[in-house]
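> No letters, just coordinates:
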Ligand SMILES: NC(=O)NCCC(=O)O
Ligand SMILES: [Zn+2]
Ligand SMILES: [Zn+2]
């Protein structure tokens, strides 16, 4: 049976427009937009009307970098697909692209099937997958085109974590060559892991074991060097490149220089690099462990370069790299040895609000907020215009956002399955009120009404910035 929902009275904000318009939703899709009070809007009837007066009506967020249930450092990320997608919905995100992981010595297929099984039937919102390649071999290179065909069109490689996810330059070049031939997009964790491991060993030998040394050994120059190298390898292979979780000013400069040459090089940063710093890593009593992630948090001075990069489009996407580990029992694995602290921060619920705060603070415009959090991630990873916008034909993934409400971010009130908030006590202006996923209510005026299993796997086309 056909269901019609009307969202009345709001300001529709997309990456390209701001319209005082009513939105008609039919059968899970946006059917039409019409100005408030217009004849067309007055004629519309619906089974359900949502009042958005005084609110923004925005596309659901598209978070293209999450790690639900990721096995890492002898433990696993604490959000499951069920808890993590619920928290994402609470925070106004309606699509995730998570990372399936290939185990060393095993086919990509096996890793991908494991991640399909983890997510299937458990997600409150729609999801897709990138593939982490931990073992680039002739066999896994042959699998890449098959994954592209089934809608898994991006592959993450690591220049960091020797012995775990690490690929050497030859492996990277080969994977980039296949990506160039098949339209796949290589996502790069750009840090010189071999050099970092030397510095880790030397720091530990000096008795430097606290979390803050994690930030000191993972030097900005080693992020910049790896970013530069990845760009040159991509040029040689003729492939596009997307650099994940950029945190260092020097790495932004490498991306900007490549883009000035007209190269198809893209960059993502994350809220933790925009709002947190090495001051957090230096918090006493091992509290700094809460902020251990890689690339690491940087001194505050780097933030200006990241904001500038987002304004100038040298950085195109803000995702979360949501990879939560509880302080108790998980982060604590690294007491006495910072290199054993599982890497990752929680944040899938906070991204849309923190970026709205950036609008309030004047770092970015309202439309740029939607561009970097919804539209561009969708285009970058082949989901647009099904996801990332409010336009006829798009999935009705819609958020009614109250730009005036204030809230205090806290582990007491968040919905992520993790015992701390990286933003504990921070007041932000703006709050998600209502969330629809394909026309179905997931959050209704701050009440959760979603269900595990509503979210489905979405196959993706290739990067939409290349043709
Ligand atoms: N970023 C991080 O610290 N953990 C997740 C894995 C990765 O993205 O490198
Ligand atoms: Zn990474
Ligand atoms: Zn990550």
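Great, that's in hand. The structure displayed is predicted, hence computed values, not measured ones. Ligands and ions are numbered 1, 2, ... in the order given.
> Do a quick rundown of the helices in the stretch 251-400 of the chain.
Here the stretch 251-400 of the chain has its helices, by DSSP state H, counting those that start in this stretch, at 271-275, 278-281, 302-312, 351-360, 366-370, 376-380.
> and the shortest one, anywhere near ligand 1?
Going back to what we said before, that points to helix 278-281. No - using C-beta under 6 Å from any ligand atom, helix 278-281 never reaches ligand 1; the gap is at least 12.4 Å. In short, each C-beta sits where N, CA and C put it, glycine included.
> top helix in the protein by residue count?
Determined from DSSP state H, the single longest helix within the chain is helix 220-237.
> What about the closest residue to ligand 1 within the stretch 151-300 of the chain, how many residues nearby?
Scanning the stretch 151-300 of the chain for proximity to ligand 1 using C-beta to the nearest ligand atom identifies residue 293 as nearest, at 3.4 Å. The tally of other residues near residue 293 (other C-beta atoms under 10 Å) stands at 27.
> Now do the contacts for the closest residue to it other than its chain neighbours.
Among residues not flanking residue 293 along the chain, residue 345 sits closest, at 4.8 Å (C-beta to C-beta, 6 or more residues apart in numbering). Residues counted as contacts of residue 345 (C-beta atoms under 8 Å, 6 or more residues apart in numbering) are 272, 290-291, 293, 320-324, 422.
> Give the partner strands of the helix or strand containing residue 406 in its sheet and their orientations.
For residue 406, the element it lies in under DSSP states H and E is strand 398-408. Strands flanking strand 398-408 in the sheet, each with its direction: strand 56-59 (antiparallel), strand 427-437 (antiparallel) (DSSP bridges).
> Which of those strands sits closest to residue 370?
Residue 370 lies closest, by C-beta to C-beta, to one member of these: strand 56-59, at 5.8 Å.
> Can you tell me what sits against the closest one?
So strand 56-59 is contacted by 7, 10-14, 21, 23, 92, 94, 366, 370, 374-375, 387-390, 394, 397-403 (C-beta under 8 Å, 6+ apart).
> ok, residue 149 to residue 459 distance?
9 Å (C-beta to C-beta, to the nearest Å).
> For the strands paired with strand 398-408, could you give me a markdown table that also reports distance to residue 255, mean pLDDT and mean neighbour count?
Formatted as a markdown table, the strands paired with strand 398-408 follow (distance: least, C-beta to C-beta, whole Å; pLDDT from 0 to 100; neighbours: other C-beta atoms under 10 Å):
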| stretch | distance to residue 255 | mean pLDDT | mean neighbour count |
| --- | --- | --- | --- |
| strand 56-59 | 26 | 99 | 26 |
| strand 427-437 | 28 | 98 | 21 |
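> Quick one, which of those strands gets closest to residue 78.
strand 427-437 (22.1 Å).
> Would you mind getting the angle between that closest one and helix 351-360?
For strand 427-437 against helix 351-360, the angle by axes from the mean of the first three to the mean of the last three C-alpha atoms, to 10 degrees is 130 degrees.
> Show me where the stretch 51-200 of the chain dips below the pLDDT cut-off.
Within the stretch 51-200 of the chain, not a single segment meets pLDDT under 70.
> For it, which residues are neighbours of ligand 1?
Going by C-beta under 6 Å from any ligand atom, the residues of the stretch 51-200 of the chain near ligand 1 are 67, 189.
> Tell me which stretches of the stretch 51-200 of the chain form helices.
81-90, 108-119, 138-149, 169-182, 193-205.
> before we move on, the earlier item: residues contacting the residue of the stretch 151-300 of the chain closest to ligand 1?
Counted by C-beta under 8 Å, 6+ apart, residue 293 has contacts 245, 272, 321, 323, 343-345.
> tell me the contacts of the residue sitting nearest the centre point of the chain?
In the chain, the residue lying closest to the centroid (C-alpha atoms, centre = their mean) is residue 319, at 2.7 Å. Contacts were defined as C-beta under 8 Å, 6+ apart; by that measure residue 319 touches 63-66, 244, 268, 270, 351, 377.
> Might you name the residue of the stretch 351-467 of the chain sitting closest to ligand 1?
Counting by C-beta to the nearest ligand atom, the stretch 351-467 of the chain gets nearest ligand 1 through residue 422, at 11.9 Å.
> And the helices of the stretch 251-400 of the chain: which comes nearest residue 197?
helix 278-281 (18.9 Å).
> Which residues outside that closest one are in contact with it?
With C-beta under 8 Å, 6+ apart as the criterion, helix 278-281 contacts 211-212, 214-215, 288, 290-292, 296-300, 422.
> I'd like these laid out as TSV, including neighbour count.
Formatted as TSV, these follow (neighbours: other C-beta atoms under 10 Å):
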residue	neighbour count
211	23
212	22
214	27
215	26
288	24
290	25
291	26
292	26
296	27
297	28
298	25
299	13
300	11
422	22
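> ok and the residue in the stretch 301-450 of the chain nearest ligand 1?
Closest point on the stretch 301-450 of the chain to ligand 1, by C-beta to the nearest ligand atom, is residue 343, at 3.3 Å.
> State the distance from that residue to residue 425.
24 Å.
> what about these two, which has more around it?
residue 343 (22 against 8).
> my guess is that one meets residue 292, correct?
Yes - using C-beta atoms under 8 Å, residue 343 is in contact with residue 292, at 5.9 Å.
> so where's the stretch 251-400 of the chain uncertain?
Applying pLDDT under 70 to the stretch 251-400 of the chain picks out no residues at all.
> quick one, strands of it?
Along the stretch 251-400 of the chain, counting by DSSP state E, counting those that start in this stretch, strands occupy 265-269, 317-318, 398-408.
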